[in-house]
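Enquirer: The amino acid sequence is not available; the structure is as follows:
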């Protein structure tokens, strides 16, 4: 998966859209996502039909969270393609993520994610479109037990 900022934003958008399915936030999420694609030339009825169909899958399945997990990938790809074709949509997508996240049920506004980059690798992760904290440890520090390694040192959020 690409690690550029627009792909990361696409992942945040995808998580936000599918998290809103079958919740009270769905109406505004669906409308915002449809507008986002329609303003960039996509057929409104086709986008709305895709959104409705995916939301119906979430509503009808006993494992709604499992369905949501499966739907993140396709929506990430759609949003990444949209941002590649129309980079000016970045601000609109960020606004949609921010708006819809605040409307999600409390249990869907908080996620825990643990990521590990090894052997000098870099890691880019996104979750829910909220705060992102990046900390880089040199390869020599990652092999040893550097003071404070793995601890959240605060910083910008």
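Expert: Here it is on my side, so go on. Please read all numbers here as calculations on a predicted model, not as lab measurements.
Enquirer: give me every residue that touches residue 81.
Expert: Applying Cβ atoms under 8 Å, 6 or more residues apart in numbering to residue 81 gives no contacts. All C-beta spots, glycine's among them, are computed from the backbone N, C-alpha and C.
Enquirer: and with 10 Å instead?
Expert: residue 10 (Cβ atoms under 10 Å, 6 or more residues apart in numbering).
Enquirer: So which bits of the strand or helix carrying it are buried?
Expert: According to DSSP states H and E, residue 81 maps onto helix 64-85. Buried residues in helix 64-85, counting neighbours by 16 or more other Cβ atoms under 10 Å, are found at 64, 67, 68, 71, 72, 75, 76, 78, 79, 80, 82, 83.
Enquirer: Next: stretch 17-24.
Expert: Neighbour count says stretch 17-24 has 17, 18, 19, 20, 21, 22, 23 buried, by 16+ other Cβ under 10 Å.
Enquirer: For residue 18, give its distance to residue 51.
Expert: Going from residue 18 to residue 51 by Cβ to Cβ, to the nearest Å gives 10 Å.
Enquirer: likewise residue 89?
Expert: Distance of residue 89 to residue 51, given as Cβ to Cβ: 17 Å.
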